[in-house]
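Peer 1: Curious how this folds, go ahead:
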Amino acid sequence: MSPFTDPQDAGNDGTGNGAAGAGAVERAHAQAVAADPLRQDAAGETFAHAALPPPRKRPFLIALLALGSALGLGGWHHWQTYRTSLDTQADAAGFVPTVRTVPAAEDDGPISLTLPGQTEAFDHADIFARATGYVAERKVDIGSRVRKGDLLVRIASPDLDQQKRQAEAQLGQLQAQLAVAHADVEQARANVTLANATDARTATLAGQGWASKQNADQSRAQMLTATASLTAADAKVKVAEANITAQQATVDRLRTLTTFEDVTAPFDGIVVSRRVDVGDLVHADSGGGSPLFAEDSTDVLRVAVQVPQSAAVSIHDGVGATVQVAQLPDRTFAGTVSRSSVALRSAVRTLDTEVDVGNPDGVLRPGLYVSVTFAVPRAHPGVRIPAEALIFDAAGTQVAVVQPDDTVQLRPITIARDLGTWLELRSGLKGGETVVLNPPADLHDGSRVVPKGTVSSGEPVAKLSVQASAE
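Peer 2: Okay, here's the model as predicted:
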């Protein structure tokens with residue numbers, strides 16, 4: 001069939017089937033459009049698709065209704081979102097945060113200052129030899145506990161012993177010479193007495209004419225000679241006495257040196273070093289050499305501490321201290337500041353300080369690294385707050401103080417010491433103020449808050465306190 005047909009022929013074909021004719025018309029219409037979509041209908045000819053039935057209206061209505069419903073639902077959701085944002089803004093504008101608070105504690109107790117230190121023996125002695133000889137006997141070794149005067153080592157010095165015997169013999173000779181000098185003095189004194197008597201007698205006889213003048217002059221000369229001899233004898237006695245004194249000093253020196261053959265402990269303590277053994281040759285007065293022994297006194301120990309300038313003014317004799325050793329965690333040792341250098345070291349600005357610690361049971365030893373905690377008296381009371389109350393921003397370090405009307409005031413502070421979880425202030429608070437813990441970032445002066453409760457301001461738990469660099 002041609003795509004262009006008469007509608008009556010198309011509707012009344014030989015079969016008499018109208019439905020089939022309608023289907024044929026539709027097929028013919030499709031073929032005609034596919035063959036020549038721009039062709040115009042000729043005269044007396046009907047285009048096949050002109051006989052198509054009109055389109056239905058229901059699908060268009062359903063689509064229009066669905067589009068209107070979607071637009072309405074979107075508008076309603078947008079309105080709801082807008083109303084929610086307005087409500088949120090209103091709530092934010094009137095929001096009053098609930099905060100935790102803690103009172104600023106005033107502390108007038110001593111400041112706990114912990115510094116490193118080192119234990120030292122209260123007395124230390126390097127023991128040298130004062131006698132030259134060989135070590136004949138050694139009584140002690142390192143670690144030996146000795147009492148004052150105990151024999152440490154005996155030195156055999158035969159040369160020194162012979163020198164002492166010779167000096168003692170020479171002393172005996174000089175003492176004998178002194179006895180001879182005394183006898184000479186007595187003889188001279190007798191000669192003087194005889195000469196005086198002869199002179200007196202001769203002078204009398206010469207005056208009476210019984211003796212010549214020559215005899216009288218000779219008697220007088222003999223008397224003067226005897227007097228001079230007595231004076232010389234007295235001088236010899238003094239020389240002998242002086243020689244004896246000098247020789248006695250030599251003997252005493254040698255006797256003292258022989259006592260150094262027995263080297264003894266200078267005080268109660270422990271032998272911490274030994275550098276000689278039996279048979280070693282030692283020399284006297286070898287100050288530049290090695291000592292025979294070294295001894296420490298450990299009943300009381302010195303703890304040397306370098307105190308920084310920031311705390312040096314408060315450290316003085318009598319300040320209490322506690323010493324702890326890392327290897328003895330369950331024990332503490334009490335001591336007191338006994339001495340200091342007064343002047344600070346200019347290179348490091350520290351004060352040399354010594355703490356005396358009793359050590360009767362010998363647990364502590366010289367040379368230990370220890371921690372020393374001083375109880376430094378305060379010049380004036382301090383204020384302490386938790387570290388979580390600190391605000392640090394462009395305005396500096398501040399804290400939020402809750403006023404009686406539940407408004408907040410930001411106050412600048414100055415930190416004196418950082419104790420870890422706690423801060424000690426130098427200025428900014430007087431004590432007793434209520435400060436906010438973990439303040440919100442948008443908190444400002446005049447903000448209203450709801451205090452949740454007061455947190456206890458217990459003692460700081462930091463074991464080691466660090467001196468603030470703000471000094």
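
Peer 1: Show the contacting residues for residue 98.
Peer 2: 449-452 (Cβ atoms under 8 Å, 6 or more residues apart in numbering). Placement of C-beta: from N, CA and C, glycine included.

Peer 1: Against residue 389, how distant is it?
Peer 2: 16 Å (Cβ to Cβ, to the nearest Å).

Peer 1: wait, doesn't residue 104 sit right on residue 433?
Peer 2: Yes: Residue 104 is in contact with residue 433 according to Cβ atoms under 8 Å; the separation is 4.7 Å.

Peer 1: More neighbours: which of the two?
Peer 2: residue 104 (22 against 19; other Cβ atoms under 10 Å).

Peer 1: residue contacts, that one?
Peer 2: Shown in contact with residue 104 (Cβ under 8 Å, 6+ apart): 383-385, 425, 429-435, 457.

Peer 1: What's the PyMOL syntax to select whichever of those residues are buried?
Peer 2: In PyMOL syntax, the buried subset of the contacts of residue 104 is picked out as below (16 or more other Cβ atoms under 10 Å):
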select buried, resi 383+384+385+425+429+431+433+435+457
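
Peer 1: Among the contacts of residue 104, which one sits closest to residue 350?
Peer 2: residue 425 (25.4 Å; Cβ to Cβ).

Peer 1: so when I look at that closest one, I'm seeing a helix, right?
Peer 2: No: according to DSSP: H, G, I helix; E, B strand; the rest coil, residue 425 belongs to no helix; its state is strand.

Peer 1: what sits opposite it in the beta ladder?
Peer 2: For residue 425, the beta-bridge partners under DSSP bridges are residue 383, residue 415.

Peer 1: for the protein, which helix is longest?
Peer 2: helix 158-208 (DSSP state H).

Peer 1: Would you mind identifying the next helix or strand past that helix?
Peer 2: helix 213-259 (DSSP states H and E).

Peer 1: still on that earlier bit, taking the contacts of residue 104 one by one, which sit in strands?
Peer 2: 383-385, 425, 434-435 (DSSP state E).

Peer 1: Of those, which is the nearest to residue 183?
Peer 2: Using Cβ to Cβ, the ones in strands among the contacts of residue 104 come closest to residue 183 at residue 384, 95.5 Å.

Peer 1: mind listing what the closest one touches?
Peer 2: Neighbouring residues of residue 384 by Cβ under 8 Å, 6+ apart: 104-107, 419, 422-425, 457, 460.

Peer 1: can you list the weak-confidence ranges in the stretch 101-250 of the chain?
Peer 2: Scanning the stretch 101-250 of the chain for pLDDT under 70 picks out the ranges 211.

Peer 1: let's go with 90 and repeat that
Peer 2: Within the stretch 101-250 of the chain, the stretches with pLDDT under 90 are 101-102, 104-113, 130-132, 158-161, 163, 174-175, 177-238, 240-241.

Peer 1: One more: the stretch 301-450 of the chain?
Peer 2: In the stretch 301-450 of the chain, residues with pLDDT under 90: 309-316, 342, 346, 362, 375-384, 389-396, 403-409, 414-434, 438-450.

Peer 1: Show me the helices in it, by range?
Peer 2: 309-312 (DSSP state H, counting those that start in this stretch).

Peer 1: re earlier: overlap in contacts, residue 104 and residue 433.
Peer 2: The contact lists of residue 104 and residue 433 share no entry, where a contact means Cβ under 8 Å, 6+ apart.

Peer 1: Going by distance to residue 332, which of the contacts of residue 104 wins?
Peer 2: Nearest to residue 332 out of the contacts of residue 104 is residue 384 (Cβ to Cβ; 23.7 Å).

Peer 1: Save the contacts of residue 104 as JSON lines, and put in distance to residue 83 too.
Peer 2: As requested, those are exported to JSON lines (distance: Cβ to Cβ, whole Å):
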{"residue": "383", "distance to residue 83": "49"}
{"residue": "384", "distance to residue 83": "50"}
{"residue": "385", "distance to residue 83": "44"}
{"residue": "425", "distance to residue 83": "49"}
{"residue": "429", "distance to residue 83": "46"}
{"residue": "430", "distance to residue 83": "49"}
{"residue": "431", "distance to residue 83": "50"}
{"residue": "432", "distance to residue 83": "47"}
{"residue": "433", "distance to residue 83": "43"}
{"residue": "434", "distance to residue 83": "39"}
{"residue": "435", "distance to residue 83": "39"}
{"residue": "457", "distance to residue 83": "46"}
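
Peer 1: Filter the contacts of residue 98 down to just the buried residues.
Peer 2: residue 449.

Peer 1: Residue 106 touches residue 431, doesn't it?
Peer 2: Yes: if you go by Cβ under 8 Å, residue 106 and residue 431 touch, sitting 3.1 Å apart.

Peer 1: overlap in contacts of these two?
Peer 2: The contact sets of residue 106 and residue 431 overlap at 381, 383 (Cβ under 8 Å, 6+ apart).

Peer 1: can you list the domains in the protein?
Peer 2: With domains defined by automatic domain parsing, the chain comprises 7-51, 99-108+380-467, 158-260.

Peer 1: Including distance to residue 332, could the ones you listed go into a markdown table?
Peer 2: Listed next are the domains of the chain as a markdown table, based on distance: least, Cβ to Cβ, whole Å:
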| stretch | distance to residue 332 |
| --- | --- |
| domain 7-51 | 109 |
| domain 99-108+380-467 | 12 |
| domain 158-260 | 44 |
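
Peer 1: of all the ones you listed, which lies closest to residue 294?
Peer 2: When the domains of the chain are compared by Cβ to Cβ, domain 158-260 sits nearest residue 294, at 17.8 Å.

Peer 1: can you give me the strands in the stretch 251-400 of the chain?
Peer 2: Along the stretch 251-400 of the chain, counting by DSSP state E, counting those that start in this stretch, strands occupy 262-264, 269-274, 281-282, 293-308, 320-325, 328-344, 350-358, 369-376, 382-386, 391-393, 396-402.

Peer 1: Let's have these in a markdown table, adding distance to residue 408.
Peer 2: Formatted as a markdown table, those follow (distance: least, Cβ to Cβ, whole Å):
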| stretch | distance to residue 408 |
| --- | --- |
| strand 262-264 | 77 |
| strand 269-274 | 64 |
| strand 281-282 | 82 |
| strand 293-308 | 37 |
| strand 320-325 | 41 |
| strand 328-344 | 43 |
| strand 350-358 | 43 |
| strand 369-376 | 35 |
| strand 382-386 | 15 |
| strand 391-393 | 11 |
| strand 396-402 | 5 |
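
Peer 1: Go through these and name the closest to residue 143.
Peer 2: strand 269-274 (6.7 Å).

Peer 1: Could I get the buried residue list for that closest one?
Peer 2: So, applying 16+ other Cβ under 10 Å, buried residues of strand 269-274: 269-272, 274.

Peer 1: And stretch 193-201, by the same measure?
Peer 2: For stretch 193-201, by 16+ other Cβ under 10 Å, it's 195, 198-199.

Peer 1: Relative to the whole chain's centre, how far out is that stretch?
Peer 2: A distance of 96 Å separates the centroid of the chain from that of stretch 193-201, by Cα atoms, centre = their mean, to the nearest Å.
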